[in-house]
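> Fold the following, please.
(chains A and B)
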There are 2 protein chains.
Amino acid sequence: MADPDQLARAFADHYYNTFDNNRAGLAPLYQEQSMLTFEGGKVMGAQAIVAKLTSLPFQQCKHHIGTTDAQPSLSGGITVFVTGTLQTEGEQHHLKYSQFFHLMPHGQSFVVTNDVFRLV
Amino acid sequence: MADPDQLARAFADHYYNTFDNNRAGLAPLYQEQSMLTFEGGKVMGAQAIVAKLTSLPFQQCKHHIGTTDAQPSLSGGITVFVTGTLQTEGEQHHLKYSQFFHLMPHGQSFVVTNDVFRLV
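Alright, predicted model coming up:
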């Protein structure tokens, strides 16, 4: 497997770029067993997760990654821990967030099996 | 397995209570393969992790848990995501932090296999 830190950074760049430009395009990153906990609310499965993300009450959003920390996981995947800020349309204020992902290899790419997001 | 959310909260209470009162007492929570990334610095193994935590430049510390989010992991463990604040001796200011743990069942208890800490 490639260097976990490089992978984590590349994944985070891809994830937030997709989130900010085409949220529905995140669907291929999740599977039926994927779990998202978003501000304490739990949803499971790619369809429900993307429905949740696309229903958030803003149209435009821009994430700024601060740090990414990666570790290999026991199950052969990678844990990715991100801290950053985000800005929604019309808001001058940047909100701080932290997010955790667990990625599993899937073909030539990865899928997200666990995802936890919190504003901090 | 018990409810992941209850387990996560009980673990976080135990972890930070031990951290704040007897940091060296955290050693039994880690194993030789455990990984800690603390503010971007990586250490591996219970001995190195506890050496890192006990060498932090403050004697007294008090964590206040804000949120804990738990999910079952692919490897049969639990992911625990914590946001909170901490206060070190002589500091009136509370620092915000986020921390991720992966716990694996171990006998009647759990061990921490992955641990990532960031001030936010």
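
> Can you check which helix is longest in chain A?
Looking across chain A with DSSP state H, the single longest helix is helix A:4-21.

> what's downstream of that helix, the next helix or strand?
Where DSSP states H and E defines the elements, the next helix or strand beyond helix A:4-21 is strand A:30-38.

> roughly how far apart are A:Gly77 and chain B?
7 Å (Cβ to the nearest Cβ, to the nearest Å). For every residue, glycine as well, the C-beta is placed using N, CA and C.

> repeat for A:Val112
Note on A:Val112: its distance to chain B, by Cβ to the nearest Cβ, is 12 Å.

> and that residue, which of the three is it?
Look at A:Val112: counting by DSSP: H, G, I helix; E, B strand; the rest coil, its state is strand.

> Spatially central residue for chain A, please.
The centroid of chain A falls nearest to A:Tyr15 when counting by Cα atoms, centre = their mean (5.7 Å).

> thinking that one is in contact with A:Gly25, fair?
No: A:Tyr15 is beyond contact range of A:Gly25, at 10.3 Å (criterion: Cβ atoms under 8 Å).

> Could you pull out the buried residues of whichever strand or helix holds A:Thr83?
In the assignment (DSSP H and E), A:Thr83 maps to strand A:78-88. Going by neighbour count (16 or more other Cβ atoms under 10 Å in any protein chain shown), the buried part of strand A:78-88 is A:78-87.

> tell me which parts of chain A are close to chain B?
Proximity of chain A to chain B, by Cβ under 8 Å from any Cβ of the partner chain, involves residues A:35, A:37, A:40, A:42, A:67, A:69, A:71-75, A:77, A:79, A:81, A:83, A:96, A:98, A:100, A:102, A:104, A:113-114, A:116, A:118, A:120.

> Could you measure from A:Gln60 over to A:Asp115?
Between A:Gln60 and A:Asp115 the distance is 21 Å, computed by Cβ to Cβ, to the nearest Å.

> circling back to that earlier point, and which of the buried residues of strand A:78-88 is nearest B:Gln31?
Among the buried residues of strand A:78-88, A:Thr79 lies closest to B:Gln31 (Cβ to Cβ), at 16.4 Å.
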